[in-house]
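Participant: Prediction below, plus the sequence it came from.
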Amino acid sequence: MLISSILIDLLSGRNVPITARNFEALQMETFIFGLIVALLFLLILWIVTELIPYEGSLNDQSSKKRQTAFYIIGALTVVALFSINTFKVSGFINRSGLKSDFIQTNVISVIICAFAYFLIAFGIAKAFPKTKFGTIFSSKTD
Amino acid sequence: MEKLFLIGIGGTGMRCLESFVHLCAIGMFDEKEINILALDTDRDNGNFRRLKDLINVYNQVKGVDKDHFALKDTFFSAKINYFEFSPDYGQATKFSQVTDLLSLRGEDKIKANLVNLLFTKNTREFDLKHGYRAQTHLGSFLMYHSIVDEFLTNNNGHLAKFIDTIVNTASNDSVKAFVMGSVFGGTGASSIPIIPKAFNTAVASSREGRSLSNVYFGSTLLTNYFTFDKPSNSHLSSQKIVATAEKFAMNSQAAMMFYNEDETVKEMYQKFYMIGTQNAGFKTTTKSTTTLTGGAKQENDSHYIELLAAFAAYDFFKTPKNNLENIKNEKRGVKYYFRTVEDDGKLDFGDFIDIANAENLAQKIGLFTVMSFIVNLKKYDFFEAARKGKILKNIDAYKEIDPREVEALKRYFDLYHFKVDYDNGRLKNGWLRQLHFSAGGGDKFLLNSKLFSCNNLRELERFDFNKKIYLKNYEHRNYSVSFFSSAYDTFEKYFKEETNDDPAITNKCEVLIKRMRTALNELYKFTEINKR
């Protein structure tokens, strides 16, 4: 299992004492959680792009709409992960030293998430260029 | 690649050719090279001009400044070579001047008297610029000599090139040539009987060792099907001779008797397709307030009977050569064909073509009509968007497509279906809509009446072409769209994700047309009939 019981327990509201012994495991789980959040929001992005119809003509704005959806959902992903880590996970850490260390973990997790979101989206778009998802990264100049 | 030869004569012949070109555009003549000769006495005639325009844009779609090829399983598949001929009487505009009747009077009084006996004074004196005005005895005489003279004196002319192409093709294999025109008017009625004979005479006179013995001829016998207002007395007296619609029925009857009796005609032709309507009440539209004898303003709307004539040509071209040879060798010669339609006047695909191919025709006309929406409405503007890289960005761009080819395609659909005036949103009816109205409107003509009830741009843009193209028999030929999607969105998605370019075609415009057709074909679930 990628995420062991510590993070799941914390997210489900169960109080697990965080000590120096299990803090390292929590850090790793937070990074993996960042990846999972990225994948989850990418799935949402895929559905949203499919729901935006092609409009035709030279002024087809649909790919711009998908691009906008990409940025909005990307921002939501980062904000959501940061909020979960800050308000849900960090709240259970009682030791002040570990708490301040977790801020760094949170930032790294958010960066991993943002990179994963962008890189995987880019990869999918390039792998399936004929799909609506593929239009997100189409060039603006003709 | 089989070469076929088609000759359209007079105003009706031009409109029959127009229908035939539309059949080529929908893909009824895959891998065929069609040589078309448009023959009219009135070179300024509106229908003549419209045909030229149509063939010109057809050929531009197949490539501007590029070689054209006959293709398969696509729209605009046939290769069309266009030839035209209008008799040139030089400065002379009247029969008496053309035949130099005045000098004949001085030299040979017997001949001059014979001419006077056969041709009334008005017939001898009317202006020939606008055709033969239902004076077929005069028309046959003049057209026969015009063809022979032109062939003998102008080797580089269109007529000579057309006949030489027949001769050259016939030297290797037998050739099929089809003639289209009416039997009740002027130019067509005058020329159908003499065309094979005139061609034969011309070839025998100047191409040693060559003949047209290997050529099979077929023709329409198209009886009266339209009417127009009676000319005023002042117009009649100024023009001397004016064709009147009230005599068309009598002309038709006389012509049919002639085609049944004349030995030369029966010997020269192998198949005659007798085509007519129950009543001849169809009124040709014209902007003019006077009865027109011809000219640029004579641009009549198309009629479904001209599509039947085009299908007569289709049937003739499909006839196995040994059948035609057998007919040619029979003592009685020519065979006559006709078909009837239901009493309710409703025209289905099976009324135009054999039942086995009716669905195939439905597929082609239906999908081509859908294409007219996607190409012609500015809302979609599919080809221009594709050319500018807006459809397939960074993938397989169609930037090589010549803008003139895109313009030609749009112009083609203007002529085929509708032209939108974007200033006021009004529509100008194209060929298909004209045919629908000629059949009586409603659900009497091939496709869904809702398609033809769109009267302005707004209605066209709202039209659900994914499910309202066909009538009941073919209703299941549609595609559904999801709640968040649209007919166009589903098409574009399918086009991008499920289809690919045909690498065998070099012209990008034709590549895009074929790919578009493939996408539509699969969306409307026609793929299986192609596999049969």
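Facilitator: Received, thanks. Residues are numbered from 1 along each chain as shown, chains lettered A, B, ... in the order given.

Participant: three-state assignment of residue B:420?
Facilitator: Recorded secondary structure, residue B:420: strand (DSSP: H, G, I helix; E, B strand; the rest coil).

Participant: ok, it touching residue B:373?
Facilitator: No: here residue B:420 does not reach residue B:373: they are 10.9 Å apart, not a contact under Cβ atoms under 8 Å. Where C-beta positions appear, they are placed from N, C-alpha and C, glycine not excepted.

Participant: any common contacting residues for these two?
Facilitator: Both residue B:420 and residue B:373 are in contact with residue B:460, where contact means Cβ atoms under 8 Å, 6 or more residues apart in numbering or on different chains.

Participant: The two: which is more packed in?
Facilitator: Taking other Cβ atoms under 10 Å in any protein chain shown, residue B:420 and residue B:373 do not tie; residue B:373 has more neighbours (24 against 18).

Participant: mind checking pLDDT for the more buried one?
Facilitator: Among the per-residue scores, residue B:373 holds a pLDDT of 95.

Participant: Would you mind measuring from the nearest residue to it once chain neighbours are set aside to residue B:73?
Facilitator: Spatial nearest neighbour of residue B:373, chain neighbours left out: residue B:465 (5.0 Å); criterion: Cβ to Cβ, 6 or more residues apart in numbering or on different chains. Relative to residue B:73, residue B:465 is positioned 21 Å away (criterion: Cβ to Cβ, to the nearest Å).

Participant: Quick check on these two: which one has the bigger neighbour count.
Facilitator: Between residue B:465 and residue B:73, counted using other Cβ under 10 Å, the more crowded position is residue B:465 (23 against 14).

Participant: my guess is that one contacts residue B:372, does it?
Facilitator: No: distance between residue B:465 and residue B:372: 9.2 Å, which falls outside the contact criterion (Cβ under 8 Å).

Participant: Tell me which stretches of the stretch 201-350 of chain B form strands.
Facilitator: Assigned by DSSP state E, counting those that start in this stretch, the strands in the stretch 201-350 of chain B fall at B:215-222, B:226-227, B:271-275, B:282-283, B:335-337.

Participant: Nearest approach to chain A belongs to which of these?
Facilitator: Between chain A and the strands of the stretch 201-350 of chain B, the shortest gap by Cβ to the nearest Cβ is with strand B:282-283, which sits at 37.2 Å.

Participant: Can you report how many residues lie near residue B:208?
Facilitator: Using other Cβ under 10 Å, residue B:208 has 7 other residues around it.

Participant: Sorry, wrong one. I was asking about residue A:72.
Facilitator: 12.

Participant: and it, what helix or strand is that in?
Facilitator: According to DSSP states H and E, residue A:72 maps onto helix A:62-83.

Participant: what's that helix packed up against?
Facilitator: Taking 3 or more Cβ pairs under 8 Å, 6 or more residues apart in numbering or on different chains; DSSP states H and E as the contact definition, the neighbouring helices and strands of helix A:62-83 are helix A:20-51, helix A:96-127.

Participant: now those in JSON lines, with mean neighbour count?
Facilitator: Output for those, formatted as JSON lines (neighbours: other Cβ atoms under 10 Å in any protein chain shown):
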{"stretch": "helix A:20-51", "mean neighbour count": "17"}
{"stretch": "helix A:96-127", "mean neighbour count": "16"}
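
Participant: buried stuff in the helix holding residue A:72?
Facilitator: By neighbour count on 16 or more other Cβ atoms under 10 Å in any protein chain shown, the buried set for helix A:62-83 is A:62-63, A:65-67, A:69-70, A:73-74, A:77-78, A:80-82.

Participant: For the residue nearest to residue B:177 when sequence neighbours are not counted, which residues are in contact?
Facilitator: Closest residue to residue B:177 in three dimensions, ignoring its sequence neighbours and counting by Cβ to Cβ, 6+ apart: residue B:5, at 4.0 Å. With Cβ under 8 Å, 6+ apart as the criterion, the residues that contact residue B:5 are B:34, B:35, B:37, B:162, B:165, B:166, B:175, B:176, B:177, B:178, B:215.

Participant: residue nearest the centroid of chain A?
Facilitator: With distances taken as Cα atoms, centre = their mean, residue A:38 lies nearest the centre of chain A, 2.8 Å away.

Participant: Let's see the pLDDT reported for it.
Facilitator: Confidence per residue is given as pLDDT, and for residue A:38 that number is 96.

Participant: Roughly how far does it sit from residue A:116?
Facilitator: For residue A:38, the distance to residue A:116 (Cβ to Cβ) stands at 4 Å.

Participant: Residue A:131 now?
Facilitator: Between residue A:131 and residue A:116 the distance, using Cβ to Cβ, works out to 20 Å.

Participant: follow-up on the earlier one: which ones among the contacts of residue B:5 lie within strands?
Facilitator: Using DSSP state E, the subset of these located in strands is B:34, B:35, B:37, B:175, B:176, B:177, B:178, B:215.

Participant: Leaving aside the residues adjacent along the chain, what's closest to the last one?
Facilitator: Excluding the flanking residues, the one nearest residue B:215 by Cβ to Cβ, 6+ apart is residue B:175, at 4.8 Å.

Participant: so residue A:134 touches residue A:123, yeah?
Facilitator: No: because the distance of 11.1 Å does not satisfy Cβ under 8 Å, residue A:134 is recorded as not touching residue A:123.

Participant: so where do the strands sit in the stretch 401-532 of chain B?
Facilitator: When secondary structure is read from DSSP E, counting those that start in this stretch, the stretch 401-532 of chain B shows strands at B:418-421, B:426-429.

Participant: Show me which positions of the last one end up buried.
Facilitator: It refers to strand B:426-429. Applying a neighbour-count criterion of 16+ other Cβ under 10 Å, the buried positions in strand B:426-429 are B:427, B:429.

Participant: would you put the C-alpha positions of that strand in CSV?
Facilitator: Extracted in CSV, the C-alpha atoms of strand B:426-429 (Å, rounded to 0.1, in the frame of the first residue of the first chain):
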residue,chain,number,x,y,z
ARG,B,426,-31.4,35.2,-46.1
LEU,B,427,-30.8,32.1,-48.2
LYS,B,428,-30.5,31.6,-51.9
ASN,B,429,-31.7,28.1,-53.0
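
Participant: Show residues contacting it.
Facilitator: Taking contacts as Cβ under 8 Å, 6+ apart, the residues outside strand B:426-429 that touch it are B:301, B:414, B:418, B:419, B:420, B:421, B:437, B:454, B:455, B:456, B:457, B:460.

Participant: you'd agree the fourth one is up against residue B:430?
Facilitator: Yes: Residue B:419 sits in contact with residue B:430 when judged by Cβ under 8 Å, with a separation of 6.5 Å.

Participant: Of these two, give the one with the bigger neighbour count.
Facilitator: With other Cβ under 10 Å as the criterion, residue B:419 and residue B:430 differ in neighbour count, and residue B:430 comes out ahead with 20 against 17.

Participant: And that one, how far from residue B:413?
Facilitator: For residue B:430, the distance to residue B:413 under the criterion Cβ to Cβ works out to 7 Å.

Participant: shouldn't residue B:498 be in contact with residue B:522?
Facilitator: Yes: in terms of Cβ under 8 Å, residue B:498 counts as a neighbour of residue B:522; the distance is 6.6 Å.

Participant: quick one: which of the two has more around it?
Facilitator: residue B:522 (16 against 12).

Participant: Contact partners for that one?
Facilitator: Contact partners of residue B:522, counting by Cβ under 8 Å, 6+ apart, are B:494, B:498, B:499.

Participant: I'm done for today, thanks for sticking with me.
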